[in-house]
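K.L.:
sequence and predicted model, in that order:
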Amino acid sequence: MTSTPLQDPASTAPATAASPPVAKRIPMERTHHGDTFVDNYEWLRDKESAEVVAHLKAENAYQEAVTAHQEPLREAIFQEIKGRTQETDLSVPHRKDGWWYFSRSVEGKEYGIQCRVRASDTEDKIADWTPPAVEPGIGIPGEEVLLDGNVEAEGKPFFSVGGSAVTVDGNLYAYAVDNSGDERFTLRIKDLRTGELLPDVIENIFYGVAFSPDGTRIFYTVVDDSWRPYQVKAHILGTPVADDVVIYQEDDAAMWLGFELSADRRYLVLGIGCSEYSETRLLRFDDPSGTVRAVIPRSERVLYEAEPFLLDGAERILLTHNRGAVNSMVSLVDPAELEKPLAEQRWQTVVGHSEEVRVNGAGVTATHLIVSIRKDTIERVQVMGLAGLGTPAQEAPVEPAFDEELYTAGVGGSDYDAPVIRLGYTSYFTPSRVYDFVLPTAERPAGELLLRKESPVLGGYDAADYVATREWATAADGTRIPLSVLRHKSVRQDSTAAGLVYGYGSYEMSMDPGFGIARLSLLDRGVVFVIAHVRGGGELGRKWYDNGKKLAKKNTFTDFIDATGWLAASGWVDPARIAALGGSAGGLLMGAVANLAPEKYAAIVAQVPFVDPLTSILDPDLPLSALEWEEWGNPITDPDVYGYMKSYSPYENVRAAAYPKIAAVTSFNDTRVLYVEPAKWVQELRSKTTGTEPVVMKIEMDGGHGGASGRYVQWRERAWDYAFIADALGATELLPGAGLK
């Protein structure tokens with residue numbers, strides 16, 4: 001890429017209450033495949049520049065001036081979120097080895113408090129795995145505080161925990177903290193017997209930490225200069241960090257590296273991959289040679305996960321893979337087979353391939369196989385005993401039964417030796433529930449669901465006040481697009497209500513049903529909330545994803561517009577009162593639909609928006625750029641990909657059109673989507689729009705990709721987004737009888 005300044009015009013103009021800040025134009029050329037793009041605002045990338053920082057602060061000042069009248073509405077929504085939240089609360093304890101671990105939240109405090117209490121072992125395993133009765137705000141005998149986030153965060157601009165681990169004997173606790181929002185963490189280790197911190201401190205690590213089973217080593221991940229996790233290292237407690245050993249280093253810039261311990265904790269499992277193929281490497285803890293072995297080499301181009309375990313005392317590997325199975329399947333393999341060429345290996349089928357069912361993953365306990373699947377857009381869990389696995393004697397799967405049409409059920413944790421697995425459950429109007437599912441036995445062939453907790457919702461919340469339905473929009477090519485349509489029951493189908501369409505549509509991420517307290521504030525103001533499950537997501541299997549990536553990416557954008565068309569014609573809303581919302585890759589979606597169909601929206605909110613994708617992906621030195629090639633294609637080497645991306649890149653396709661109200665919400669320290677993308681985009685929008693609606697940028701100067709830290713701060717951020725939307729739609733007043741009670 002060439003970036004050549006051509007001239008140096010006048011300085012940036014500051015904002016006034018009536019006018020936005022106008023960034024100076026310093027044209028820079030970017031040339032690829034014979035195409036030259038002139039970028040006038042690339043200079044805003046220099047975050048060390050005082051002039052850039054001043055410009056961003058001017059953007060905030062303008063945003064504050066333009067939206068000042070929304071402050072009472074923001075405060076009302078914030079109070080509604082706060083009023084529905086039980087601020088002093090706790091999680092359901094989960095057992096690990098000889099302890100029950102849980103977190104507490106306290107009214108008035110921003111962060112959680114991590115706690116534990118001893119477990120007991122009797123002859124009754126179900127009783128031993130029944131969580132202790134812990135009450136909000138009330139300590140129990142023997143309770144220990146592992147980490148008080150409020151104490152750790154004191155005096156810091158940001159606080160986030162990127163991983164924690166406890167040794168098997170329960171004596172040492174490791175935790176990783178980020179105080180800037182850039183997702184680089186500092187690892188510390190506490191001796192829980194004394195409360196003292198060990199001298200071992202490891203800086204600049206990435207997410208995830210784990211102790212070796214004997215507690216003498218701790219494993220962690222390191223990122224390279226482009227923010228890609230590329231090393232897994234081991235630190236021996238009590239030794240200099242400089243002596244830490246690299247267990248494995250991944251040099252392919254397009255591959256992501258991570259690790260975990262196998263379920264039975266006999267192996268360190270290294271996962272290396274992109275969205276299209278992967279490689280798992282295993283390190284056996286009792287192997288004195290320390291050899292890291294590949295299960296299936298990446299050269300075979302198989303996308304898979306591997307779980308080593310013992311089946312009737314024999315070593316086996318459970319594979320969740322896409323070999324000859326676009327929606328993936330589950331197989332069992334003898335490690336000896338892996339020594340043969342792939343075409344000659346014999347694998348036993350455990351869960352066969354289906355065009356209707358997507359297999360998301362599989363794991364094991366000492367007695368059962370656990371499989372996560374997606375069917376009819378809904379994520380589900382199935383279990384079966386290990387006896388006869390992979391043979392004709394294999395047991396039929398058992399699936400916990402729930403009574404809602406649209407819901408999400410997933411494994412929230414399992415312990416290898418436990419007789420239960422922890423499940424999380426939620427739907428659009430059912431607050432999060434925690435279940436323990438008693439694994440099937442001869443005495444209990446269907447298993448048993450034990451409700452441990454439903455998150456309380458205060459303020460007189462009644463699920464019966466709201467309605468969620470599954471509808472379908474039709475794309476121009478005939479494809480049926482699933483929609484989740486949420487509304488207050490008092491909204492009438494008379495074409496007068498306001499509407500909001502939300503979407504994401506990338507990385508095979510599914511926008512699954514889930515409860516959201518903040519969303520109630522929009523529904524209570526008569527907004528019909530539509531979640532568009534567009535192509536590029538994972539709701540309808542791998543093909544749904546494949547048909548919304550690379551050279552089919554535009555399907556994501558046109559699906560969203562077609563979903564908007566469905567809403568406009570549904571009879572529920574006034575077509576002139578529709579807004580759009582999306583974040584990150586969903587922010588790219590917002591930028592694309594703003595260019596394609598600005599007339600369809602009264603307002604667009606783009607959160608941490610990826611609106612300058614071509615500039616970012618053309619530079620492999622920028623954070624995570626090379627990892628994106630499997631999602632969008634590689635525009636550096638492929639002129640067709642370059643031309644296709646250039647045809648939809650939001651920043652490069654802003655045109656003379658009457659754009660609606662637009663808010664770009666971002667964070668200064670975001671390492672995934674740099675603030676410069678929305679900063680450039682809003683300048684281009686203002687310079688090209690033929691309309692009069694404001695374009696604003698709200699930037700959190702102390703936040704990362706997820707915004708600021710602290711729950712109250714996050715509630716205020718969500719209240720800002722929703723107030724901007726509600727104000728633009730004229731949906732600021734509560735429906736009769738709605739709201740906090």
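P.N.:
That came in fine, so what should we check first?
K.L.:
mind checking the longest strand of the chain?
P.N.:
strand 573-583 (DSSP state E).
K.L.:
flag the shaky bits of the stretch 501-650 of the chain, pLDDT-wise.
P.N.:
Where the stretch 501-650 of the chain drops to pLDDT under 70, the residues are 622-625.
K.L.:
can you show me the strands along it?
P.N.:
Counting by DSSP state E, counting those that start in this stretch, one finds strands in the stretch 501-650 of the chain at the ranges 527-532, 573-583, 603-607.
K.L.:
counting contacts, what elements does the last one pack onto?
P.N.:
What that stands for is strand 603-607. strand 573-583, helix 585-596, strand 661-667, helix 711-729 (3 or more Cβ pairs under 8 Å, 6 or more residues apart in numbering; DSSP states H and E). Every residue, glycine included, has its C-beta placed from N, CA and C.
K.L.:
of the ones you listed, which is nearest residue 297?
P.N.:
With respect to residue 297, and counting by Cβ to Cβ, the nearest of the helices and strands packed on strand 603-607 is helix 585-596 at 30.0 Å.
K.L.:
distance between the closest one and the chain's centre?
P.N.:
19 Å (Cα atoms, centre = their mean, to the nearest Å).
K.L.:
which helix or strand contains residue 102?
P.N.:
In the assignment (DSSP states H and E), residue 102 maps to strand 99-105.
K.L.:
give me the sheet partners of that strand and which way each runs.
P.N.:
Strand pairing for strand 99-105, using DSSP bridges, gives strand 89-90 (antiparallel), strand 94-96 (antiparallel), strand 113-118 (antiparallel).
K.L.:
low-confidence regions, this protein specifically.
P.N.:
For the chain, applying pLDDT under 70 flags the ranges 1-18, 622-625, 671, 703-709.
K.L.:
tell me, what residue is most central in it?
P.N.:
residue 509 (8.2 Å; Cα atoms, centre = their mean).
K.L.:
look up how far residue 549 lies from the closest residue in space to that residue that isn't next to it in sequence.
P.N.:
Spatially, and ignoring its direct neighbours in sequence, residue 509 is nearest to residue 537 (5.8 Å; Cβ to Cβ, 6 or more residues apart in numbering). Counting by Cβ to Cβ, to the nearest Å, the gap from residue 537 to residue 549 is 10 Å.
K.L.:
between those two, what contacts are shared?
P.N.:
residue 506 (Cβ atoms under 8 Å, 6 or more residues apart in numbering).
K.L.:
more neighbours, those two?
P.N.:
Using other Cβ atoms under 10 Å as the criterion, residue 537 and residue 549 rank with residue 537 on top: 27 against 22.
K.L.:
can you pull up the bridge partners for that one?
P.N.:
For residue 537, the beta-bridge partners are residue 535 (DSSP bridges).
K.L.:
which residues of the stretch 251-400 of the chain fall in strands?
P.N.:
Assigned by DSSP E, counting those that start in this stretch, the stretch 251-400 of the chain shows strands spanning 256-261, 267-273, 278-284, 292-294, 304-311, 314-321, 329-333, 348-351, 357-364, 368-375, 378-385.
K.L.:
now residue 504: closest residue in space that isn't a chain neighbour?
P.N.:
residue 586 (4.1 Å).
K.L.:
ok, the residue nearest to residue 524 when sequence neighbours are not counted - how many residues close by?
P.N.:
Of all residues not flanking residue 524 in the chain, residue 738 sits nearest, at 3.9 Å (Cβ to Cβ, 6+ apart). Residue 738: 19 surrounding residues under other Cβ under 10 Å.
K.L.:
in which helix or strand would I find residue 738?
P.N.:
Residue 738 belongs to no helix or strand, assigned by DSSP H and E.
K.L.:
sorry, back to before: need the strands paired with strand 99-105 in JSON lines (columns: mean neighbour count and distance to residue 463).
P.N.:
Output for those, formatted as JSON lines (neighbours: other Cβ atoms under 10 Å; distance: least, Cβ to Cβ, whole Å):
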{"stretch": "strand 89-90", "mean neighbour count": "18", "distance to residue 463": "19"}
{"stretch": "strand 94-96", "mean neighbour count": "19", "distance to residue 463": "26"}
{"stretch": "strand 113-118", "mean neighbour count": "19", "distance to residue 463": "30"}
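K.L.:
out of the ones you listed, flag the one nearest residue 293.
P.N.:
strand 94-96 (27.7 Å).
K.L.:
how far does that closest one sit from its chain's centre?
P.N.:
For strand 94-96, the distance to the chain centre is 24 Å (Cα atoms, centre = their mean).
K.L.:
what sits up against that strand?
P.N.:
Counting by Cβ under 8 Å, 6+ apart, 100, 101, 102, 119, 129, 131, 166, 413, 415, 418, 422 sit against strand 94-96.
K.L.:
go on, stretch 137-149?
P.N.:
Residues outside stretch 137-149 that contact it (Cβ under 8 Å, 6+ apart): 88, 101, 106, 110-118, 132, 134, 159, 161, 164, 166, 173, 175, 190, 192.
K.L.:
before we move on, back to that, how about the residue nearest to the centre of the chain, phi and psi?
P.N.:
phi -80, psi 130 (degrees, to the nearest 10).
K.L.:
so it makes contact with residue 534?
P.N.:
No - using Cβ atoms under 8 Å, residue 509 is not in contact with residue 534, being 11.1 Å away.
K.L.:
these two touch, right, residue 111 and residue 710?
P.N.:
Yes - under the criterion of Cβ under 8 Å, residue 111 makes contact with residue 710 at 6.7 Å.
K.L.:
need the overlap of contacts for those two.
P.N.:
Shared contacts of residue 111 and residue 710, counting by Cβ under 8 Å, 6+ apart, come down to 153, 159.
K.L.:
which one of those two is surrounded by more residues?
P.N.:
residue 111 (22 against 18).
K.L.:
so who does that one touch?
P.N.:
148, 149, 150, 152, 153, 159, 709, 710, 711.
K.L.:
quick check: the fifth one vs residue 109, distance?
P.N.:
In this structure, residue 153 lies at 10 Å from residue 109, with Cβ to Cβ as the measure.
K.L.:
what of the second one?
P.N.:
Computed as Cβ to Cβ, the residue 149 to residue 109 distance reads 8 Å.
K.L.:
with the first one instead?
P.N.:
Using Cβ to Cβ, one gets 9 Å for the distance from residue 148 to residue 109.
K.L.:
chain center to stretch 497-510, what's the gap?
P.N.:
Counting by Cα atoms, centre = their mean, stretch 497-510 comes out at 14 Å from the chain centroid.
K.L.:
quick one: buried residues of it?
P.N.:
For stretch 497-510, the neighbour count (16 or more other Cβ atoms under 10 Å) marks 497-510 as buried.
K.L.:
try stretch 314-321
P.N.:
Those would be 316, 317, 318, 319, 320, 321, for stretch 314-321 by 16+ other Cβ under 10 Å.
K.L.:
who touches the first one in this structure?
P.N.:
Translated: residue 316. With contacts taken as Cβ under 8 Å, 6+ apart, residue 316 has the following neighbours: 308, 309, 310, 332, 333, 334, 335.
K.L.:
out of the strands paired with strand 99-105, which gets nearest to residue 487?
P.N.:
Nearest to residue 487, of the strands paired with strand 99-105 and by Cβ to Cβ, is strand 89-90 at 28.2 Å.
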